[in-house]
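Enquirer: below are the sequence and a predicted model for it; my questions follow.
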Amino acid sequence: MQNYRTKNGGKIQRDRKISFIFNGKTYFGYKGDTLASALLANGVHLIGRSFKYHRPRGIIAAGVEDANGKVQLFKDNITEPNVNVTEVELVKGLKIESQNCWPSVSFDVWAINNFLNRFFPAGFYYKTFMWPKSFWYKVYEPIIRKAAGMGTASLKPDPDRYEHQYEHCDILVVGSGPSGISSALAAAKNGARVILAEDKSRFGGSLLIDNVTIGNKNGDEWVEEAIAELKSMPNVIIRKRSQVFGYYDHNMLVMFERCKDHLDDPEAYTPRQRLWYIRAKQVILSTGSIERPLVFANNDRPGIMLASSAKEYLKVYGVLTGKKPIIFTNNDTAYETAIEYKNQGMNPIIIDTRNDSEAGIVNEAKKIGIQIKFSYGIANTTGYKKVRSVTVGKLNSNKDGYTNLEEIKCDSVFVSGNWTPTVHLASQSGNKLRYDSNSDTFLPNQSRQKETVIGSANGSMTLEKSLKEGFETGFTLSDAITKNNIPTSIPISDERQYGQHDKFWCMPLPGKKHYKRFVDFQNDVAVSDIQLAVQEGFRSIEHVKRYTTLGMATDQGKTSNLNGLQLVSDLEKKIVPEVGHTTFRPPYTSVTIGTIIGREVGKNYKATRRSPMHKWHEQHEAIFVDAGLWLRPRYYKNNNETLHEASKREALNVRKNVGVCDVTSLGKIDIKGKDSAEFLNRIYTNAFLKLPIGKARYGVMLREDGMVFDDGTTTRISENNFHMTTTTAQAANVLTHLEYYLQIVWPELDVAVVSTTEQWAGASVAGPKSRLLLSKIFPDEDLSNEALPFMGYKEFKFKNTIARIFRISFSGELAYEINVMSDFGELMWKEIISLGKEFNIQPYGTEALSTLRIEMGHVAGSEIDGRTIAYDLALEGMLSQKKDFIGKRSLGRKAFTEEGREKIVGIVPIDKKTSIPEGSQIVKDTNVSLPIPKLGYVSASCWSVEFDNPFSLAIIKDGKNRIGEKLYAVSPLKNISIPVEVVSQHYVDPEGKRVRS
Amino acid sequence: MKKALEQKLGLVDMLEIKCPYCGDRSQNEFSYGGDATVKRPELNSEVNDLEWDSFVYYRDNPRGKHLELWHHISGCRQWFKVHRNTATHEIIQTLEMQEDL
Ligand SMILES: [Zn+2]
């Protein structure tokens, strides 16, 4: 039964009844309700338990500023924790449960904290649970988690889709109250490209609930017409359910749009939420203001709500928050709520801390017979699951105590401690706020970026002023961009007039009572906590915030910040601006992780690069491995082979017959220009000036600090054209490196570089039978050792294209690398495989490739890791003595030339059986006291197919002089220690005869 | 995932940088290249340890105006100079490599 629903009125659709379940019980609401309004319509106030003391808590507001209404939401087998009932629109199939209570919201075991609250003062986590230290993880933390836990996150993957959108505009208007709509109208009519964003599900802001007229129309009618007009304009993007939550540099704002959750039958492709990155030339912040609570004893009981929110529930949702309301205020605005309730036939009583008020609205209230108690305050409240009575008292002249306490029965209390402008976004933008002692609030001051704050966010609390600021700002800002000079006239408006508020907001406690007076509901921070923090010496407001947790968590102090500041400044006998305010950080409201990540999940987490032969690999049981963004075959699985078995088979076949490996992912850079040879000569450590045309050369690059940067072969295609290869991992960095030197250091060189990695498909044909295979593929060509020697290069005709043949080898065998244009890659690969059949060709993957290079002693990425110099890698022979090159000057550093410097070696387990884990540490003796001095580490391990035993590469101190030594490879991770013998890094064919054969 | 989240939450790509060749583009098209006033010693020249170390390692870390290198890595691939205020992120000017402030 919706006992608290009015007979008519509101903007809900009364013909569309929707059921929902709260804590196991079924309730009804209407389309257009939020969960909060539907619960209140059913008289449900108790939503959850407070964070620290587990006190019963209810809804205190109607929007994002609500601090209490967090629930666990269930829908379609999906659950989401910590959603706020004021932000969830009612749709079919919603089930919600209270959180932070056990076993139920009505009976909560942890509520005992409330009676033990003297043991839970400010900073109690810091004080209580610090000792003994080991207890924190094992005992205290799990208990606190259970007691203070918020909701429960789902462990299932998120089934929803989230999207990102980038948008540019002339003017972004944040908030669609009177100032926001009018500025959007003025700017759009003047030709500007405008985005208008509204957080709630309805446009209009305060115009939906205030009794005002604009241009002879009711406020909400004016909104409807203005929004319709804006929607009809092609230069306007208008979005509701869209929260601008962050203001970043260069006028980049981020907004999330709720696209799906409010729909009863969303289309399958509808994203749940959309994240907008908006780059605006100008930003108008018409973010409005939030009512502050008054602070008094036991002010946190369910049924105690902000006065403006009670009015919003009535006007927008047709919901009475109570039938026996008390209105407690220090200003005139709350009188509106009283009048609305009186008009509904209730008998509200107003408790006003002021002596009197001259405002028209107060006279209006008096005239219709509303009982007003001036100079009164609420001294205490009663009621457990819902407020039942208030004790009011006449404030004495110092306002530090009461005379004449009396109890009044009630079922709701609507409080107003005046208004706080919502300046979060302005502050995030860099606007240094100023304190306005007239309104007791922080207001925007000097803009740092291109933002303008208008309306009540700017402290302009009347409709007339808001409209004026809106239309004027919209015109001025747009005109600077469009220069159309089309102003829009400001309509005449009518509204109630308000007078001065009372600066008094924190009620004294009655007698010597120690009731809690809450400042921050979400974090359970009471006046006494802040007093304690100040008493204990915390002075900086940032420290008080962290010690007491005031203004933290999802709520970010929307209702509590200013009261907390006031309190600290009162306690320190300072004025508020001296205390300052805490930093406003994005996001302004909670944002789901899914929204932030967008589509970058699963296979879309990063881009995938595939070679032209990828499909063939897939069809031939390739098991792939990530190599940067590339997917490369790691091995080709025959039947039930393991990785080890398959890679051994593949590698052995290269040593015995012939294998083919897809090397497309190797970085390739085309270098052209008449100074190309000179440029390479400076970039590489070895000589390139006199490299003959048609020859390849292995080259090593250093960074300026002397560390090895990358290696690869570079081939002179023609006099002024070179083809460089890089490792797969460093391809992008090498190109950047080359561009740096060409554009910044030696712009006088006539050289151009461009990546051609994706233009060429590459296949490495390796093994003793590779020449035989090539002569089948290119029957008309001379492949003799004389015609195409080791490190030679030729161009052959292949089908209707040209194949580039490089006689280079990574495996240590006779080998050729064939490059064709990518479109011909698959054709080439299939040709190699089919003609290779008679030579027992097998494709091989990166695992076999590694085995082959390791037992040959070739260094790769695991050795060239940015911490090794040429000497360490036994590449010192590559360092030219005759010329200067990048990084050469650093090689004289003392550490680089010291005796006993690390050097690469091979190691073999003495038992010839035990594989040595990569990353193992090499030590001389394991029977010494800790820490054991380490000599080096194992960089790469394989199963040598040549010798059929494990073999590893290691980089160890004084490696040069340790060949033959017996050492230990220890892996603390695997808790093993393996006796090993140091051998040459070149385990197979140390003379390099095979590649030259 | 963690890195992506940090990047998104921190919104590291918030700047709008005017490439001298391509115009205003979002920061995620660029990569940062350090102090633009550092000059590499000439090849084959005598360089003492201090000069070399200053070139390789030592960098000022000013709070305020800083002339720095950026690379339009997902655009025209040109290196250029950005005169930026490190405290406010204000970009005062962008220049081609051969231009001076
Ligand atoms: Zn560019």
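Expert: Noted; the coordinates are in hand. Just so it is clear, the model here is predicted, and its values are computed rather than measured.

Enquirer: part of a strand, is A:Leu275?
Expert: Yes. Counting by DSSP: H, G, I helix; E, B strand; the rest coil, A:Leu275 is found in a strand.

Enquirer: so which bits of chain B are right by chain A?
Expert: Taking CB under 8 Å from any CB of the partner chain as the measure of proximity, chain B contacts chain A at B:1, B:4-5, B:8-9, B:11, B:14-16, B:26, B:31, B:33, B:40-41, B:43-44, B:47, B:52, B:55-57, B:69, B:71, B:73, B:77-79, B:88-89, B:91, B:97-98. Every C-beta, even on glycine, is put in place using the N, C-alpha and C of the backbone.

Enquirer: in ChimeraX, select just the buried ones from those residues.
Expert: Filtering the residues of chain B next to chain A down to the buried ones (16 or more other CB atoms under 10 Å in any protein chain shown) takes a single ChimeraX command:
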select /B:8,11,14,15,16,26,33,41,43,47,52,55,56,69,71,73,77,78,79,89,91
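
Enquirer: okay, and which of the residues of chain B next to chain A map to strands?
Expert: Among the residues of chain B next to chain A, the members falling in strands (DSSP state E) are B:Glu16, B:Ser26, B:Ser31, B:Gly33, B:Leu69, B:His71, B:Trp79, B:Ile91.

Enquirer: same list (those residues) but as CSV, adding distance to the ion and pLDDT.
Expert: Output for these, formatted as CSV (distance: CB to the ion, whole Å; pLDDT from 0 to 100):
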residue, distance to the ion, pLDDT
B:Glu16, 13, 95
B:Ser26, 12, 93
B:Ser31, 12, 95
B:Gly33, 14, 95
B:Leu69, 13, 98
B:His71, 9, 98
B:Trp79, 10, 98
B:Ile91, 15, 96
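
Enquirer: could you measure from A:Ser560 over to chain B?
Expert: 24 Å (CB to the nearest CB, to the nearest Å).

Enquirer: residues touching the residue lying closest to that residue once chain neighbours are set aside, list them.
Expert: Nearest residue to A:Ser560 in three dimensions, chain neighbours excluded: A:Asp520, at 3.8 Å (CB to CB, 6 or more residues apart in numbering or on different chains). Residues in contact with A:Asp520 (CB atoms under 8 Å, 6 or more residues apart in numbering or on different chains) are A:Ala67, A:Thr548, A:Thr549, A:Leu550, A:Gly551, A:Asp555, A:Gly557, A:Thr559, A:Ser560, A:Gly564.

Enquirer: any idea what the residue positioned nearest the centre of chain B is bridged to?
Expert: With distances taken as CA atoms, centre = their mean, the residue of chain B nearest its centroid is B:Leu69 (2.8 Å). Bridge pairing for B:Leu69 (DSSP bridges) gives the partners B:Lys81.

Enquirer: you'd agree it is up against B:Thr37?
Expert: No. Using CB atoms under 8 Å, B:Leu69 makes no contact with B:Thr37, being 9.6 Å away.

Enquirer: what residue spans form the domains of chain A?
Expert: Domain segmentation of chain A under automatic domain parsing yields A:13-128, A:162-289+A:421-494, A:293-417, A:512-593, A:606-665+A:758-856, A:667-756, A:894-996.

Enquirer: what kind of secondary structure is the residue positioned nearest the centre of chain A in?
Expert: Computing the C-alpha centroid of chain A and ranking residues by CA atoms, centre = their mean puts A:Ile596 first, at 5.2 Å. Three-state assignment for A:Ile596 (three-state DSSP): helix.

Enquirer: also A:Asn363?
Expert: helix.

Enquirer: kindly state the pLDDT recorded for it?
Expert: In this model, A:Asn363 is scored at 95, pLDDT.

Enquirer: neighbours of it, how many?
Expert: 12 (other CB atoms under 10 Å in any protein chain shown).

Enquirer: tell me the contacts of it?
Expert: Applying CB under 8 Å, 6+ apart, no residues qualify as near A:Asn363.

Enquirer: distance of it relative to A:Gln730?
Expert: Distance of A:Asn363 to A:Gln730, computed by CB to CB, to the nearest Å: 80 Å.

Enquirer: which bits of chain B sit near the ion?
Expert: B:Cys19, B:Tyr21, B:Cys22, B:His72, B:Gly75, B:Cys76 (CB under 5 Å from the ion).

Enquirer: filter those to the buried ones?
Expert: Among those, those classed as buried by 16+ other CB under 10 Å are B:Cys19, B:His72.

Enquirer: which among the residues of chain B next to the ion gets closest to A:Met233?
Expert: Set against A:Met233, the nearest of the residues of chain B next to the ion by CB to CB is B:Cys22 (31.1 Å).

Enquirer: doesn't B:Arg77 make contact with the closest one?
Expert: No. B:Cys22 lies out of contact with B:Arg77 (CB under 8 Å); the separation is 10.3 Å.

Enquirer: find residues that contact each of these two.
Expert: If you check B:Cys22 and B:Arg77 against CB under 8 Å, 6+ apart, no residue is contacted by both.

Enquirer: sorry, back to before: pLDDT value on the residue nearest to A:Ser560, please?
Expert: According to the prediction, A:Asp520 has pLDDT 92.
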